Every structure is written in C-alpha cells, then in structure tokens.
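Q: got a sequence here, can you model it:
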Amino acid sequence: MALGGKKSGAGYVARCPAHNDKNPSLTLSDTKDGRVLFKCQAGCSQEAVMDALRDRGLLGSSGGSTRPQGEWLREMTAKANGHAEPEAEETWGPWQTIDPPYSYTDATGELLFQVTRMERFNAAGEKDKTFRQRHPDGNGGWIETQGPRRVLYRWPDLVEHPDATLFVCEGEKDADRLASLGLCATAVANGNWNGVDVACVAGRDVMVLEDADKPGIRKAAAAAEVMHGLAKALHVVRLPGQEQTAEKRGKDVSDWLDEDPARGRDELAEACFAARLWRPEPSGLGEWDAGEDTESPPPRGWLLGNIFARRFMSSLLADGGVGKTALRYAQLLSLALGRSLTGEHVFQRCKVLIVSLEDDADELKRRILALLLHYGIDRSELAGWLFLSAPGGRRGKMMTLDKNGNPVRGPLAADIEAVIVARKIDIVSIDPFVKSHSVEENSNSGIDDVVQVLTDLAANYNIALDAPHHTSKGAADPGNANRGRGASAMKDGARLVYTLTPMSTDEAKAFGVVEEERRFLVRMDSGKVNIAPPMCSAKWFRLVGVRLFNGNALYPGGDEVQAIVPWDPPDTWADLSSVLLNQILTAIDAGLPDGNRFTDARSGGERAAWRVVVEHAANKTEAQAREIIKTWVKNGVLVSYEYRNEKTRKDVTGLRLDTTKRPS
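A: The predicted structure is shown next:
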C-alpha cells in the first residue's frame, strides 16, 4: 500500500509521507460525516501532510480526496486487514540513536527541547531515518513528545547578531555546517513552521535554502510564507547545479559545499544574493487587473500640512532643549482648534490625544497653558477636542521584554488603544519615542517591533500617529533623518520625518540676526517625507517665554514656559527692484578705477563684488550681499574669466556681465 500502514482501533496508522520516516507516525480516523482526520505524531503540519498526499495522487488538487474520504479510508483499512492485497512488509533492524542530539534553546541558552536523529537498516543494507523530539521532564529525565514551545534553532546566535543575514536550512545539520563558516543560520524541528516564534527575523536579509526534492521545495515555501513581511529582503535559493530529484533524497547545502572543496561562505553568499526576491503566489491575494481599474483611490488623509496624515506615523527629530515639544504641542493644538498656529494648513479639526512620557501632569499642563495664554485661546474651545495624559511609569510601556528577552506588547499600548476607541481620537502623539518602550534601542529588529505596534494602531483605527524622537550626539545637521537616536528602524518605519535645528551663526550673519536673538530661532526641515514632496526650504520658528501668572506666596513670580511662533527670515532679494539690480551689475561689469575686475572670491579685499551690492543697497548685510553675488555666478549672470593685471603683471580672475541675462 502507498503508506505501508496497519489498522489501529477504529482508525489507521501509517508512515507520514511528509517526512523521510518509515516508522508509522501518521494516524487517520473516519468521522460520522464521512471526513478523514489525520495527524502526524512527529510534528508535520496538516498542510505538509496534505501536500505530500497530493503529490502521491492520494488527494485531489483542491485538498479533498479524489474519491469520498470515508471510502478512501475504508479501502486503506481493508488493505491493512487483509481484505485486499497488502504490500509486503520490509524487515528492518532496531532504531539506533545518532548522537549528539540537536538542542533547541531560548534566547538566553536555556534548553527547551531536543531533536534526536535515529537510523535503522534492512536486510538489503538500505538505511531508514527519522527524527524524534523530547523535552526535559524537570526531574532529570525526558518526555518523548514535541516540546511545549516551538522556536528557531540556534536562537542565541540570532539574538547576538540581530543585523546579520540569516540562512534558513531544512535541517539542523546544515544550519550547524553554515554556522561553522561564520554565518548566521537556523532551522526548525521537522521542518514544521506552525507556531514557531520568528520575531527575530524582522528587518533581516533572509536566504531560505531549498533542498532539491519535492519536500524541500514545499518546506522552503512554507518557511518563506511565515517570514514574508518580517524580513527586509527574502530569497528562496536553489543552489546552482542542484536539480530536483523525485525518486531519492535531493541534495542540500552541505552536499553542495562538499561537491567542490573550494566552495565556502563567499561563494554561498554570492549564489544566494543572486537569487530573485521571493514573492507569494498571487492566488488568494485579492489581486486586480490595473487596466480594468477605473475607480480612483481616495486621497490621503492629511490633517495638518504635510506633517500629519491618517494611517501614517510622523516624527520630529531634535536635540533636547531645542523646542521640539513646544513646536509639536502648537501643531497639535492647531488641529484641536481647527485653525493653524504654526503656519501649516489645517485640513480638518481633530480630536487629539497627547501622551507625555517625559513630563508629569503638572508640567504638561504648564506647557499647554503657555500656548493658550500666548495665542489668547479660551480653554472652552478645547473641550472635547484635546485630551492629555501623563501616565509616568505606572502604566508600563508599549513594548517590553518577557523573561526570555522577547519583545511583547506592553500594557500602555492597550491603554492608548482603549482611549482611541472611547474618545474617537484622530491623532495620538507619544512624546518621546524612547520612553515608550524598554527594547534595546540599537536593535533594529526590536525597534521595528515597537514601530509595528504604533503603525498598527494608525492603520487599524485610521488615525495619525506621532512619536517625537531625540537625536544622537554630534553636530546639528538640518534635514538628516539618520541622526535619530538608536536603530534606524524607527526612521524607516515613520513616513513623515522632520528635523528641528537651532539657527547657526552663519545663518544668523546671512539674516542679519544678532547673537542674542539667534539662540531663540530654530528651523524645521523635511528629513524623510516619502508620501509627499519635501519642503523646498526650511520653515523657521521663534521660541518665546510666556508668563503663566501662577504665582503664590512662596513663588510670587510664578513660572515662565516656552512657547513657539512662526518666524519669517528677512528676504535677501526683498526691496531690490530690477532697475537697482541692473545698476549693481553695470557697476560690477565696469570694474575698478585702476582697471582691475571685481571677484567673487571670499578674500577678495577691495575687489570683492559684494561691496558693490552694499554700496547700492545699504540695508543688505555682507552675508546677504555675498548670497546675491553667489546666485548671479551660479546662474551665469556674472562670468569668471582670466585677464592681465597690468599693475602686478600677473594673470588673475575677475567677473564680467553676460548682458543677455540681465534682469528685465
């Protein structure tokens, strides 16, 4: 018979076709409604068993049998009971355990279960093998069943190298072989991916190595299905020169390495990265024909300028004390009021939830009060639109670690979700991001899990989500989204990222701003706005101190708290008519009285062309005048050329006017 089994009680036991095992580990039974129930005691999934039965022609392509299932089982049972011609049973020797077993541990190295490899031989010398699982019974012995928790093989290695490319093998032997080459490799017990914890796959490049036989193809596809959406890039790899084998065991990665002693990790990596990216089969994905799609998609749910949008995560990156919280609260207050305080367009009035994880309730109240006082807002305007929370540490985190070091959703996430539902919130701001979790902030996989919690909230409830974030140490770099503290997964997960940076001394000179004023001026730049065009130039704000008039006998002066207002820098080209601009250009083209030409060199001395601008437009600073000259040179209005300085008898470079490009 095809499965070489026998009758057992009211059912049937047979060899499982989904793994290489001649031991009867598959149980089958008939139900009253004519269906067949089967289970592999070695741990193969039902999907794997059904695929294997289908490969042997014992199931139809739809997943049902090619005949009524009850009839199919009765025929198999009849054969086993001698009512039909059974196949001759082969005579096999006893099972022998091949040491050492493969040990599966948690992230810290604590043993969870083992997989033992067993072999036996028949009279013809043919070898049969099987894999069995056992887990500790707590008393120094073993329980010979599948362990209670299913994990990846060599899990501690994966935790130790969170960003390494992961090679997924069909078996533990191959994973150990690749690990010996210095690669990060794993497998799962019996090739069964059901219920396996694969969180540490997130954010990695993953190479699923396909054994060259039908079970290998099936198991590789099952692995890819589980990891699709978690992995940064996913490849299912058939190694070069390995042809599929139907009659016998196909070659695996160890065989491929053994074929050529010169092969090593570099050749393997090259072959893997050359493989095409894996994508799920289109069946069942709800795909549509773009040529027949005549219905336009709805517009994105913008709330405030290009800052906040429904179903997307935003962030504002800045050093401490720059004004990040003051700006964010003013923008959020704009949404709660339905009118802009910061210059961005308000698309619709929104219900806002601010969750302060850095300030306590009193400080949060002070910050909001400063904005109300400065902008003259009546508190009643916010009733039912602005909700505040300062939970501190008592409500835990949105993402934390369990006792085994695995990221798990924390109680704060559930609390925020409950408020979103109860208050019908449109946008949530969690300030700052670093306080929302207790995951290792430099772990891309861990931070990606945190971001996933936030983006899931945004998607599930059609809200905008904001998570202001601190920058790493170093020089300020406007518009650089990579300056965010910790792992880059935070920046990668957010779609609308801006930076907030203090005005530099060079910028202050260009704008004619004195040092005392410069310290209160900040610029916002788009660092990563990948669903809308970035800002073409910086948006400027001024920090102001607001007295709260909350004094008492002990502190009669009360508090002064920071607020923020838009600030327009002086326009370099303001008040310069085309007539005046042409007068300046004519003077530059005429040169100096001694026959020398003006220059755009920074140390031009008396020949510096910016001096001509200041002579004609006394209200312009040196920095602004230099910017005007720089623009003309860049646009080709002023052209550099070499001429002979008769006084020094040297060739020098000067400026002359391209008359075809004069301002009109």
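
Q: hey, which helix or strand in this protein has the poorest pLDDT?
A: The helix or strand of the chain with the lowest confidence, counting by mean pLDDT, DSSP states H and E, is helix 69-80 at a mean of 49.

Q: other SSEs contacting the helix or strand that it is followed by?
A: Heading C-terminal from helix 69-80, the first helix or strand you meet, by DSSP states H and E, is strand 96-105. With contacts defined as 3 or more CB pairs under 8 Å, 6 or more residues apart in numbering; DSSP states H and E, strand 96-105 has these neighbours: strand 111-121, helix 155-160, helix 172-179. Placement of C-beta: from N, CA and C, glycine included.

Q: show me what the longest one is packed against.
A: Using 3+ CB pairs under 8 Å, 6+ apart as the contact test, the elements touching strand 111-121 are strand 96-105, strand 127-136.

Q: rewinding a little: deepest-packed of the helices and strands packed on strand 96-105, please.
A: helix 172-179 (a mean of 20; mean count of other CB atoms under 10 Å).

Q: let me know the angle separating that one from strand 111-121.
A: 110 degrees (axes from the mean of the first three to the mean of the last three CA atoms, to 10 degrees).

Q: circling back to that earlier point, residue 634: which of the helices and strands packed on strand 96-105 is closest?
A: helix 155-160 (51.4 Å; CB to CB).

Q: residue ranges with poor pLDDT in the stretch 101-250 of the chain?
A: 243-250 (pLDDT under 70).

Q: could you measure from residue 405 over to residue 175?
A: Counting by CB to CB, to the nearest Å, the gap from residue 405 to residue 175 is 21 Å.

Q: what of residue 656?
A: 72 Å.

Q: equivalent analysis for residue 578, please.
A: As for residue 578, its distance to residue 175 is 74 Å (criterion: CB to CB).

Q: how's this structure carved up into domains?
A: According to automatic domain parsing, the chain is divided into the following domains: 6-80, 96-274, 302-566, 578-661.

Q: please identify the deepest-packed of the helices and strands packed on strand 111-121.
A: strand 127-136 (a mean of 18).

Q: burial measure for the residue nearest to residue 557 when sequence neighbours are not counted, as a count.
A: Nearest residue to residue 557 in three dimensions, chain neighbours excluded: residue 551, at 5.6 Å (CB to CB, 6 or more residues apart in numbering). Neighbour count of residue 551, defined by other CB atoms under 10 Å: 12.

Q: how near is residue 551 to residue 368?
A: 18 Å.

Q: just residue 202 next, same as before
A: From residue 202 to residue 368 the distance is 37 Å (CB to CB).

Q: next one: residue 124
A: For residue 124, the distance to residue 368 - CB to CB - is 84 Å.

Q: who's more crowded, these two?
A: residue 368 (23 against 7).

Q: helix, strand, or coil at the more buried one?
A: The assignment at residue 368 comes out as helix when based on DSSP: H, G, I helix; E, B strand; the rest coil.

Q: pretty sure it sits against residue 328.
A: No. In this structure residue 368 lies outside contact range of residue 328 using CB atoms under 8 Å: 11.8 Å.

Q: just to revisit the earlier point, tell me which of the helices and strands packed on strand 96-105 lies nearest to residue 16.
A: strand 111-121 (14.5 Å).

Q: which neighbours does the closest one have in its sheet, and in what orientation?
A: strand 96-105 (antiparallel), strand 127-136 (antiparallel) (DSSP bridges).

Q: redo those strands as CSV? Include distance to residue 223.
A: Shown next, in CSV, are the strands paired with strand 111-121 (distance: least, CB to CB, whole Å):
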stretch, distance to residue 223
strand 96-105, 16
strand 127-136, 17
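
Q: who wins for proximity to residue 512 among those strands?
A: Among those, the nearest to residue 512 by CB to CB is strand 96-105 (65.8 Å).

Q: list the buried residues of stretch 142-157.
A: The neighbour-count check on stretch 142-157 (16 or more other CB atoms under 10 Å) flags 146, 147, 150, 151, 152, 153, 154, 155, 157 as buried.

Q: cool, and stretch 553-562?
A: For stretch 553-562, burial by neighbour count (16+ other CB under 10 Å) applies to 559, 561, 562.

Q: so of those, which ones are in strands?
A: 561, 562 (DSSP state E).

Q: output the buried residues of stretch 553-562 as TSV; include the columns distance to residue 341 and pLDDT.
A: Shown next, in TSV, are the buried residues of stretch 553-562 (distance: CB to CB, whole Å; pLDDT from 0 to 100):
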residue	distance to residue 341	pLDDT
559	21	94
561	16	94
562	14	93
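
Q: closest to residue 312 out of the buried residues of stretch 553-562?
A: Nearest to residue 312 among the buried residues of stretch 553-562, with distances taken as CB to CB, is residue 562, at 27.7 Å.

Q: for residue 356, see how far away the closest one is.
A: In terms of CB to CB, residue 562 sits 15 Å off from residue 356.

Q: residue contacts, residue 155?
A: Going by CB atoms under 8 Å, 6 or more residues apart in numbering, residue 155 touches 104, 105, 106, 107, 186, 200.

Q: is it true that the last one touches residue 162?
A: Yes. Contact between residue 200 and residue 162 holds when scored by CB under 8 Å: they sit 7.1 Å apart.

Q: overlap in contacts, these two.
A: residue 445.

Q: give me the longest helix you can find in this structure.
A: For the chain, the helix that runs over the most residues, judged by DSSP state H, is helix 444-461.

Q: and the following helix or strand past it, how far from the chain's centre?
A: Sequence-wise, the next helix or strand downstream of helix 444-461 (DSSP H and E) is strand 464-466. Distance, stretch centre to chain centre, for strand 464-466: 16 Å (CA atoms, centre = their mean, to the nearest Å).

Q: show me what the next helix or strand along the chain from strand 464-466 is in contact with.
A: Counting by DSSP H and E, the next helix or strand C-terminal to strand 464-466 is strand 469-470. For strand 469-470, the surrounding residues in contact (CB under 8 Å, 6+ apart) are 315, 316, 317, 318, 319, 320, 432, 433, 434, 484, 485, 490.

Q: in helices only, show me those residues.
A: residue 490.

Q: looking at the contacts of strand 469-470, which has the most residues close by?
A: Going by other CB under 10 Å, residue 317 tops these with 31 neighbours.

Q: residue 200 and residue 162: which is more packed in?
A: residue 200 (26 against 19).

Q: hmm, who's touching stretch 551-567?
A: 323, 326-327, 330, 341-343, 366-367, 369-371, 374-375, 521, 539-550.

Q: in strands only, show me the residues you listed.
A: Per DSSP E, those map to strands at 521, 539, 540, 541, 542, 543, 544, 545, 546, 547.

Q: tell me which of the residues you listed is nearest to residue 209?
A: Within the ones in strands among the contacts of stretch 551-567, the smallest distance to residue 209 is 50.4 Å, found for residue 539 (CB to CB).

Q: list the contacts of the closest one.
A: Counting by CB under 8 Å, 6+ apart, residue 539 makes contact with 343, 523, 524, 525, 566.

Q: which of those residues has the weakest pLDDT?
A: Lowest pLDDT within the contacts of residue 539 is found at residue 525 (87).

Q: leaving out the residues flanking it, which one is nearest to it?
A: Here the residue nearest residue 525, using CB to CB, 6+ apart, is residue 479, at 3.7 Å.

Q: returning to that earlier point: could you dump the contacts of residue 539 into a markdown table with neighbour count added?
A: Shown next, in a markdown table, are the contacts of residue 539 (neighbours: other CB atoms under 10 Å):
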| residue | neighbour count |
| --- | --- |
| 343 | 16 |
| 523 | 21 |
| 524 | 25 |
| 525 | 20 |
| 566 | 14 |
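
Q: before I go, just wanted to say thanks for your time.
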